[in-house]
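Q: Structure for the following, please:
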Amino acid sequence: MHRNFFKSCRAVLSLAGVLVVAQGVSAQDLGVKAPKQGQPIVINGATLHTVTGPTIEHGYLVINNGLIRAMGAGDAPPLPMAQIIDATGKHVYPGLIGADTIMGLTEIGAVRATIDSAETGDITPEVRAAVAVNPDSTIIPVTRLNGILTCGVLPQGGAIPGRAAVIRMDGWTWEDLAIDADAGLVVNWPNMRPVNAWWMRSTPEEQLQRAQERLEQIDEMFDAANAYAAARKADASLPSDIRFEAMGPAMHGGKPVFIRANELEQIQSAVSWAERRHLHAVIVGGRDAAKCADMLKRHDVGVIITGTHRLPGRRDDAYDAAYTLPLQLEEAGVKWCLASGDETPHERSLPYQAGLAVAYGLPLEAAVRSVTQSAAELLGVGDRLGSLEPGKAGTIIITDGNPLDIISQVDMAFIDGRQIDLESKQTVLDEKYREKYRQLGILPSQQGSSQEH
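A: Residues are numbered from 1 along each chain as shown. Model (predicted):
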């Protein structure tokens, strides 16, 4: 009886293992990555939305060796061996940027083996998000179909969960994906105000005690890293410590420190701490950022707003607090950009979240900038991405309208001059079931299918 019981257990565990493996296999992008740009690309006749300069009606744009080489009004001068794209009536924008994601670090929420967004331990500055990104994630092609061609990947969990990365959304390996494999250090700031919700089991005193312990933990780590840097400067023969070495670029090299903070007290505490330590701070979250906009502007601290598709944070907040936060920061002169703040499979909603801010008063130009140039600047890659300028990466989208409008479509996309396949698991399923209903006579035949989209 016992032997049969254990045999049954082994059979169940084996089946579970097979299912997990099968889920993992089905969660792989089977598409071929784009090859390196092989010839110049000339786009003629499009409206060029430069973001940092004036919009160019009926303009041209030339991409060669992965970079934007020339642009202007009218048609491009003849260029031998170039691929000519007639984009008359179309629009060219820089590729959109998801500033705060865990793209490639998670696949199926119910399968723990596909989630790699947090490391074990509270203090892990040596962790690099870039090396854990799965280049074959099915979420990547789904996301870039909406024009998002670059993502900031920020690790989660603990007090200092590791270092952020900036990735391009196409490549065979994590090295291919990485634009900046060490984009800055991530710090999760503790709540500075007790939570009195029904689900909270800790007393206010216990919560404040934990917050104080977390602050001391963070401070001690930064103090130790400073002492280590001073000791190594005095005696280079001292053994190296990968944790302290990992903190060096953010502490002494000008890399950002991305501090997750939403509550007013959190933001104030985090900014004061960063100023005291002479760190280049960027607030991630920033729900109450408008309440301390003067402080943020005075200390030149940027804010990555994590989404407009969310509820107000307090009972006395206005119903549209999340929708109008971008406008408030824009009017206050605070550096900011917009991230989706959504689960990774829904990162594609980023342009629509920016569009919602437009509906609540944010100028359209500012909304486009918030998911392009402003995002690039806060991630530290503003000199390479975020706008249409000669010398910047040829990472662009060609659309039939404004990408923040839900009815607009991305017709073509290029990353570093490489044309990207815009097919994804979802487009394949879409066509599969359209064909089903064509065969049933419910939809028109294939000849008329272009009218269906």
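Q: need the next SSE after the biggest helix by length in the chain, C-terminal direction.
A: Of all segments of type helix in the chain, defined using DSSP state H, the longest is helix 204-234. Per DSSP states H and E, helix 204-234 leads on to helix 242-252 as the next helix or strand towards the C-terminus.
Q: name the helices or strands packed onto the very next helix or strand once past that next one?
A: Reading on from helix 242-252 to the C-terminus, the next helix or strand found by DSSP H and E is strand 257-261. For strand 257-261, the helices and strands in contact under the criterion 3 or more Cβ pairs under 8 Å, 6 or more residues apart in numbering; DSSP states H and E are strand 178-188, helix 264-276, strand 281-285. In this view, the C-beta of every residue, glycine as well, is placed from N, C-alpha and C.
Q: And the contacts of strand 257-261?
A: Counting contacts by Cβ atoms under 8 Å, 6 or more residues apart in numbering, the residues outside strand 257-261 that touch it are 154, 164, 184-189, 250, 267, 269-270, 274, 279-286, 304.
Q: Out of the helices and strands packed on strand 257-261, which is the most enclosed?
A: strand 281-285 (a mean of 27; mean count of other Cβ atoms under 10 Å).
Q: Strand partners (parallel or antiparallel) of that one?
A: Here the strand partners of strand 281-285, with direction, are listed using DSSP bridges: strand 257-261 (parallel), strand 302-306 (parallel).
Q: of these, which approaches residue 71 most closely?
A: strand 302-306 (27.8 Å; Cβ to Cβ).
Q: Please state the mean pLDDT value computed over the helix or strand just after that closest one.
A: Per DSSP H and E, the first helix or strand lying C-terminal to strand 302-306 is helix 321-332. For helix 321-332, the per-residue pLDDT values average out at 98.
Q: buried set for helix 321-332?
A: For helix 321-332, the neighbour count (16 or more other Cβ atoms under 10 Å) marks 321, 322, 323, 324, 325, 326, 327, 328, 329, 330 as buried.
Q: Repeat that for stretch 83-100.
A: Counting neighbours by 16+ other Cβ under 10 Å, one finds that the buried residues in stretch 83-100 are 85, 87, 90-100.
Q: now swap in stretch 427-434 and tell me
A: For stretch 427-434, burial by neighbour count (16+ other Cβ under 10 Å) applies to residue 434.
Q: what distance separates it from the centre of its chain?
A: Chain-centre distance of stretch 427-434: 27 Å, with Cα atoms, centre = their mean, to the nearest Å.
Q: go on, stretch 259-269?
A: Here the centre of stretch 259-269 is set off from its chain's centre by 21 Å, with Cα atoms, centre = their mean.
Q: In CSV, could you pull the C-alpha coordinates for it?
A: The C-alpha trace of stretch 259-269 is given here as CSV (Å, rounded to 0.1, in the frame of the first residue of the first chain):
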residue,chain,number,x,y,z
ILE,A,259,14.3,55.0,-5.2
ARG,A,260,10.9,53.5,-5.1
ALA,A,261,8.7,55.8,-3.1
ASN,A,262,5.0,56.8,-3.3
GLU,A,263,3.8,58.5,-0.1
LEU,A,264,4.6,62.1,0.6
GLU,A,265,6.7,61.2,3.7
GLN,A,266,8.5,58.5,1.7
ILE,A,267,9.5,60.9,-1.1
GLN,A,268,10.6,63.7,1.3
SER,A,269,12.7,61.3,3.4
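Q: Now that stretch: average pLDDT?
A: Mean predicted lDDT for stretch 259-269 stands at 97.
Q: same question, stretch 387-394
A: The average pLDDT for stretch 387-394 rounds to 98.
Q: Would you mind pulling the contact partners of it?
A: When contacts are defined by Cβ under 8 Å, 6+ apart, stretch 387-394 is touched by residues 37, 41, 48-53, 61, 63-64, 66-71, 92-94, 372-373, 376, 383-386, 396, 414-417.
Q: And stretch 417-437, by the same measure?
A: With Cβ under 8 Å, 6+ apart, stretch 417-437 has contacts from 29, 31-32, 34-37, 41, 63-67, 138, 141-142, 144-145, 149, 169-170, 394, 410, 412-414, 443, 449, 452.
Q: give me that answer again for 7 Å
A: Contacts of stretch 417-437 with the rest of the structure, by Cβ atoms under 7 Å, 6 or more residues apart in numbering, involve 31, 34-37, 41, 63, 65-66, 138, 141-142, 144-145, 170, 394, 410, 412-414, 443, 449, 452.
Q: Same check on stretch 165-180?
A: Taking Cβ under 7 Å, 6+ apart as the criterion, the residues outside stretch 165-180 that touch it are 33-34, 103, 128-131, 133, 135, 140, 143-144, 148-153, 181, 183, 379-381, 415-416, 418, 420.
Q: Among these, the buried ones, what's the PyMOL command?
A: Here is the PyMOL command that picks out the buried ones among the contacts of stretch 165-180, judged by 16+ other Cβ under 10 Å:
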select buried, resi 33+34+103+128+129+130+133+135+140+143+144+148+149+150+151+152+153+181+183+379+380+381+415+416+418+420
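Q: from the buried residues of stretch 83-100, which is closest to residue 400?
A: Closest to residue 400, out of all of the buried residues of stretch 83-100 and judged by Cβ to Cβ, is residue 90, at 6.2 Å.
Q: mind checking pLDDT for the residue nearest to residue 356 when sequence neighbours are not counted?
A: In space, and not counting its chain neighbours, residue 356 is closest to residue 308: 4.8 Å by Cβ to Cβ, 6 or more residues apart in numbering. At residue 308, the model reports a pLDDT of 97.
Q: what do you get for residue 118?
A: Value listed for residue 118 in the pLDDT field: 84.
Q: Distance check, the closest residue to residue 360 other than its chain neighbours against residue 402.
A: The shortest distance from residue 360 to any residue other than its chain neighbours is 4.1 Å, reached at residue 323 (Cβ to Cβ, 6+ apart). Distance check for residue 323 against residue 402: by Cβ to Cβ, to the nearest Å, it reads 18 Å.
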